[in-house]
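Engineer: Task: produce atomic coordinates for the following.
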Amino acid sequence: MFWSKKAKPSLEGMELAELCQIEAEGLYRSGRYHCAEAVLETVRRHFAAEMPESIVGTVSGFGFGSNSGCVCGAVSGGTVALGLALKDKKETAHLTKELHTWFSEKYGVTCCKSIRKTHKGACPVLTGEVAGKIAEMLGRK
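Structural biologist: Numbers count the residues shown, from 1 in each chain. Down below sits the predicted model:
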């Protein structure tokens, strides 16, 4: 997907999952948010708007695989976002498993280091895809 900081995609007729995907990718590309923050902020805006934006700071340590290259920050931030939006432990656990399975099938692993080696430059796109997937899952609820 071509992306320009100045270009604004038309949102008319767009489904929420697609809107969230574009929004999270844009937040990441803006440089203001990293992967986990962009996913959480996008989900917060659309599914838990009553929560303050400052909640995004709770996932600041998850970027770049928690700064150690382990679990992808977008997936980690997405896990927190699911808990924030659902407020139900069992349902959050179920959808977290679904998110991890989907991501592993799509990228082969959930390890940030591995993804960055095998899918160079994919972080903005996969950040958007994770936010879109979460919106799609939450939309079924």
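Engineer: Show the subsequent helix or strand relative to the helix or strand of the chain with the lowest mean pLDDT.
Structural biologist: None of the helices or strands of the chain scores lower by mean pLDDT, DSSP states H and E than helix 63-64, at a mean of 83. Using DSSP states H and E, the next helix or strand after helix 63-64 towards the C-terminus is helix 73-86.
Engineer: any idea of the mean pLDDT for that following helix?
Structural biologist: Average pLDDT, helix 73-86: 96.
Engineer: repeat for stretch 24-37
Structural biologist: Average pLDDT, stretch 24-37: 97.
Engineer: Give me the distance between the two termini of that stretch.
Structural biologist: 9 Å (C-alpha to C-alpha, to the nearest Å).
Engineer: got a list of contacts for that stretch?
Structural biologist: Outside stretch 24-37, the residues that touch it by C-beta atoms under 8 Å, 6 or more residues apart in numbering are 1, 3, 5, 38-39, 41-42, 56, 59-60, 62-64, 72-74, 76-78, 80, 123-128, 130-132. Yep, even glycine has a C-beta here, placed from its N, CA and C like the rest.
Engineer: Quick one, which of the residues you listed are buried?
Structural biologist: 38-39, 41-42, 56, 59, 62-64, 72-74, 76-78, 80, 123-128, 130-132 (16 or more other C-beta atoms under 10 Å).
Engineer: distance of the residue nearest to residue 58 when sequence neighbours are not counted from residue 108?
Structural biologist: Closest residue to residue 58 apart from its sequence neighbours, by C-beta to C-beta, 6 or more residues apart in numbering: residue 80 at 6.9 Å. With distances taken as C-beta to C-beta, to the nearest Å, residue 80 is found 23 Å from residue 108.
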